[in-house]
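Dropping a prediction and its sequence here:
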Amino acid sequence: MSDENKEYDGIRYRAEKSSPLVFRILYFGLWAWGIIFMAYYLFSGWSSYGEFDQIKKAKEARLAVQQEKGAAGQAVPTSKEIKSTDLAEAGKKEFAARCASCHGADGKGGIGPDLTAKKYKYGRTAPEVTASISDGRPGGMPGFKNELSGDKIQGLVQYVLSL
């Protein structure tokens, strides 16, 4: 008993001898893509370890460039005092913006110590004040070496020492 030319619930059965052309194209295209994909990864020398090493080298190179830029921007000469009125003026503005909230607008203290005193707890020479500003001190003084350039820090040092 054949089902050809039968109708079920209004749908007429039509026997096809072959699948539609679009399905055959998709089927063989998928096979071709799969073979090319596997051949590429098997014979091209690609490996996840190689890809990881490549990404790692790129990241290391990027970090080296960032460190060079950061080191150039943070180069703070600690052994000599820079005598420049421009730096002192810039330091005065930076002091008003960053330091006055703790040390007071005139530097006579507040939350932070009095900067007009003759002696500082960690020293009152330019290298010692530079180290205090750059690296911070325990008990509340934050370090600013990541936020300020070397010139700005030197300006702050000059201004603080002039108080």
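Now that the structure is in, tell me what you want to look at.

three-state assignment of the residue lying closest to residue 132 once chain neighbours are set aside?
Closest residue to residue 132 in three dimensions, ignoring its sequence neighbours and counting by CB to CB, 6 or more residues apart in numbering: residue 122, at 5.4 Å. All C-beta atoms are positioned from the backbone trio N, CA, C, and that covers glycine. For residue 122, the assignment made with DSSP: H, G, I helix; E, B strand; the rest coil gives coil.

show me what contacts residue 122?
Applying CB atoms under 8 Å, 6 or more residues apart in numbering, we find residue 122 in contact with 128, 131, 132, 137.

Point out where the protein drops to low pLDDT.
The chain contains residues with pLDDT under 70 at 1-4, 72-85.

now the helices for it?
Taking DSSP state H as the test, the helices found in the chain are 21-43, 48-73, 85-94, 100-103, 126-135, 150-162.

Please export the C-alpha coordinates of the third one as PDB.
Looking back up the chat, that one is helix 85-94. Extracted C-alpha coordinates of helix 85-94, given in PDB (Å, rounded to 0.1, in the frame of the first residue of the first chain):
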ATOM      1  CA  THR A  85      60.000  80.500  40.900                       C
ATOM      2  CA  ASP A  86      57.700  78.800  38.300                       C
ATOM      3  CA  LEU A  87      57.900  75.500  40.200                       C
ATOM      4  CA  ALA A  88      57.200  77.300  43.500                       C
ATOM      5  CA  GLU A  89      54.200  79.100  42.000                       C
ATOM      6  CA  ALA A  90      52.900  75.800  40.600                       C
ATOM      7  CA  GLY A  91      53.600  74.200  44.000                       C
ATOM      8  CA  LYS A  92      51.600  76.800  45.700                       C
ATOM      9  CA  LYS A  93      48.600  76.100  43.500                       C
ATOM     10  CA  GLU A  94      49.100  72.300  44.000                       C
END
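
Alright, that wraps it up for me.
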